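J.: give me coordinates for this.
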Amino acid sequence: MLTAGIRTNARKRISEVPGVDIGDIFFFRMELCMVGLHAPSMGGIDYMHVKGKRGIGEAISIVSSGEYEDDAEDKDFLIYTGQGGNQGIGFDMRKDKEVHDQKLVRGNLALDRSSQIGNVIRVVRGIKESVNSGTKVYVYDGLYTIHEKWLEKTKSGVNSFKYKFVRSQGQPSAFAVC
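T.: Numbers count the residues shown, from 1 in each chain. A predicted model of the protein is given here:
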């Protein structure tokens, strides 16, 4: 996409993305990537590396898609489950599929760092379509900060990282906008 010149806002950034407003709706995850809102087409956590600190990143956006058990959402906060472990409800949950504890690496490490320094993180919420329950639309919900983090044993019996995201003040709710 970068070489084809169809991606805008190609440089990763903390905070708002030019041309994207709270309440903007996207029908495909790839659209989030194309406008520079959230680069990974499948992963739920996007982050960028901090200059001079090898291996340490700061979270810049998340997509809350409801794929993990125990997620909770409200218009002004959300409880977000970290990545990894494959204990989600949307994953292949065959009996022979092994689930495991999440590890403090990649996106989880970036969320941990962001909770310590307090940078804002863009939040996109995946919402099941009412007409076709097998599809989702993605709504940009604004800037949030992480107010709490903890390790929790899930219903599947594995340890998951949990993060409480709280909406930054002065922003409209995307759910009030839609």
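
J.: please export the C-alpha coordinates of the helix ranked longest in the chain as CSV.
T.: The longest helix of the chain (DSSP state H) is helix 106-117. C-alpha atoms of helix 106-117 as CSV (Å, rounded to 0.1, in the frame of the first residue of the first chain):
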residue,chain,number,x,y,z
ARG,A,106,5.1,-6.4,21.8
GLY,A,107,1.7,-4.7,22.1
ASN,A,108,1.2,-5.6,25.8
LEU,A,109,4.6,-4.2,26.6
ALA,A,110,3.7,-1.0,24.7
LEU,A,111,0.4,-0.7,26.7
ASP,A,112,2.3,-1.2,29.9
ARG,A,113,4.7,1.6,29.0
SER,A,114,1.9,3.9,28.0
SER,A,115,0.1,3.3,31.3
GLN,A,116,3.3,4.5,33.0
ILE,A,117,3.9,7.6,31.0
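
J.: who are the packing partners of that helix?
T.: Packing partners of helix 106-117 (3 or more Cβ pairs under 8 Å, 6 or more residues apart in numbering; DSSP states H and E): strand 45-49, strand 57-64, strand 136-153, strand 159-167. All C-beta atoms are positioned from the backbone trio N, CA, C, and that covers glycine.

J.: tell me which of those strands lies nearest to residue 98.
T.: Checking those against residue 98 by Cβ to Cβ gives strand 159-167 as the closest, at 14.4 Å.

J.: now do the closest one against helix 106-117, angle only.
T.: 50 degrees (axes from the mean of the first three to the mean of the last three Cα atoms, to 10 degrees).

J.: could you spell out the sheet neighbours of strand 159-167, each with its direction?
T.: Strand pairing for strand 159-167, using DSSP bridges, gives strand 77-81 (antiparallel), strand 136-153 (antiparallel).

J.: the ones you listed: lowest mean pLDDT?
T.: Among the strands paired with strand 159-167, strand 77-81 carries the lowest mean pLDDT, at a mean of 91.

J.: in the sheet, who's paired with the residue lying closest to residue 12 once chain neighbours are set aside?
T.: Leaving out its chain neighbours, the residue that sits closest to residue 12 by Cβ to Cβ, 6 or more residues apart in numbering is residue 48, at 4.3 Å. With beta bridges defined as DSSP bridges, residue 48 has these partners: residue 58.

J.: and the residue nearest the centre of the chain?
T.: residue 62 (1.7 Å; Cα atoms, centre = their mean).
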